[in-house]
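Asker: Quick check, what structure comes out for this input:
(one chain, ligands or ions: 1)
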Amino acid sequence: MKKIIALCATGLALTLALPVSAQFAKPEDAIKYRKNALFVMQQNFGRVAGMAAGKIAFDPKVAAESAASAEFVSKLPWAGFGPGTDKGETKAKPEIWSDKAKFDDNAGKMQAEMTKLAAAAKSGNLDAIKTAVNSTGGTCKSCHDDFRAK
Ligand code: ASC
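Answerer: Below is the predicted model of the structure:
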C-alpha cells in the first residue's frame, strides 16, 4: 500500500513538473494531437486563403472568425513535437529535433503572421487579407520545405 502511494506521488510530481501542454499519454497521442491541430488550423486558414484568391465568395464575418480560429490554433501544435515523437505515422523530419532552434523560429514566425492575418480579417479589408494570406502561406511553405517529408 505504501509502495502504491509512493508510486502515485512520484507520478504526480512528474506530471506537475511538466507544462500542461506537454502532457501526452503516449507518443502516438502527441503525433495525432499536432496533426489534428495543424489540420484544424489549415482548414480555417484555407477558407480565408480561398476568399483571398477569389475561389470562395468573400464573407467578412466568416473570414474574421476563421482567421481568429487559425490564429488561436496556431499556438497548439508545437507541444506535440516533444522528444520521442519523431517516430511513427508522421512526415516530421528528424531536423525538427536536431535543428530545434530553427524549427521553433519557423513556428514563431508563422504564429506572428497568423496574428497579422487575424487583424487584417477583423478589419474586413480584402486587400489587407490578401497580403497577410501571402505572408502567412509563405511561412507554412518554408517550414514544410525544411521540416516536412514529401
Ligand atoms: C495552405 C497549406 C499550406 C500553405 C501553403 C502556402 O493552405 O496547407 O501548407 O497554405 O500551401 O504556400
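Asker: Work out the gap between the longest helix seen in the chain and the centre of the chain.
Answerer: Longest helix in the chain, counting residues (DSSP state H): helix 27-52. In terms of CA atoms, centre = their mean, to the nearest Å, the centre of helix 27-52 is found 7 Å from the chain centre.
Asker: now swap in stretch 92-109 and tell me
Answerer: Here the centre of stretch 92-109 is set off from its chain's centre by 12 Å, with CA atoms, centre = their mean.
Asker: ok, residues contacting that stretch?
Answerer: For stretch 92-109, contacts defined as CB atoms under 8 Å, 6 or more residues apart in numbering pick out 31, 77-78, 81, 83, 85-86, 139, 142-143, 146-149. Where you see a C-beta, it was placed from the backbone N, CA and C, and this is true even at glycine.
Asker: Any residue of it touching the ligand?
Answerer: No. Applying CB under 6 Å from any ligand atom, one finds stretch 92-109 separated from the ligand by no less than 12.3 Å.
Asker: swap in stretch 34-50?
Answerer: Yes. Part of stretch 34-50 sits near the ligand under the criterion CB under 6 Å from any ligand atom, namely 42, 45-46, 49.
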